[in-house]
Structures are given as structure tokens and as C-alpha cells.
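Chemist: need a 3D model of the sequence below.
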Amino acid sequence: MTTTTATPANARMLGLAHYAARAVLESVLARHGLGFQQQIVLRPVALAAGPVDRGQLVADTVAALKADEDSVRGTVDELITAGLLATDASDVRITDAGRELFERITKETAAASARIWGDIPEEDLLAAGRVLALVTERADAEPATAAQ
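Modeler: The predicted model follows:
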């Protein structure tokens, strides 16, 4: 494992880590013709025990990605058109093709994830998790604070 001199975490460091990890994921997604936002929409439906309310899926994705609602609705439509999701009234569910693709992507990213995260001590991961949760909470609250 490469070690570096410890420096305090900051927004730039967080951004660099995000984009480095995202590039790993996007390289896998590209091999399967899937985009990042498509994978973000597909994941909760693949992990759900049953159908997912389409409106809630859109709202959750908008909140998670800070994305435009119309863009996310379009992504859901793309996944339906591609046969990866199916719609039942106001719900969406994963199709067999969608589940198979999700499982392939998950399997392909697991090895890279193990190399990236595998030997980081648990206490470091717990501390990082607490800090990242706090940063996310504060950043989510910032637009309301800035508007005052």
C-alpha cells in the first residue's frame, strides 16, 4: 500500500477521491453501455425486494445526485426503453436483463473495490464515514443557509 503524509481532509481532497473512484466505476459501466446516472437509478431497483415507486425513485435520485428532475425521469425512461426496468402503473421493477447487468457490473467492480478499500483499517473507515456523513449533512443544508 502506498502511504502519504497525513494532511487534513478538505473539499479538494474529497473531490479528487470521488472522481478517482467514479472513473473506476465508469470504466466498467462504459464496457456495458451504461452511464453513471443510469447505474445510480438502476441500483436501488435492483436491490429492492419488489417494485419501487417511480416518483420516489426519481426524488431519491434527484436528492442524491443533485440532478435535474427531468433528467432523472429521462434516465428512468431510458432504462425502461433498454429493457432493464419495466413499469407497472406508478411502480418500476427490474427485469431479468437489468438484474443480470447489475450483477455483472457489481462483480466487475468488486475486485477494484477490494483493492481500493480492502486494507484500510476499520477505525479509519469509521472515522472517514463519520466525517463524510457530517460534510454531506452540512453541504445539503448550505443552499438554505446561503438563501437567508
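
Chemist: spatially central residue for the chain, please.
Modeler: For the chain, Ile40 is the residue whose C-alpha lies nearest the centre (C-alpha atoms, centre = their mean; 4.6 Å).

Chemist: C-terminal to the helix or strand hosting it, what's the next element?
Modeler: Under DSSP states H and E, the secondary-structure element containing Ile40 is helix 36-47. Beyond helix 36-47 on the C-terminal side, the first helix or strand identified by DSSP H and E is strand 52-53.

Chemist: distance from that following strand to the middle of the chain?
Modeler: Strand 52-53 has its average C-alpha position 18 Å from the chain's average C-alpha position, going by C-alpha atoms, centre = their mean, to the nearest Å.

Chemist: show residues contacting that strand.
Modeler: With C-beta atoms under 8 Å, 6 or more residues apart in numbering as the test, strand 52-53 has contacts from Pro44, Val45, Ser90, Asp91, Val92, Arg93. Placement of C-beta: from N, CA and C, glycine included.

Chemist: where does this protein have its least confident helix or strand?
Modeler: Lowest mean confidence among the helices and strands of the chain (mean pLDDT, DSSP states H and E): helix 122-146, at a mean of 86.
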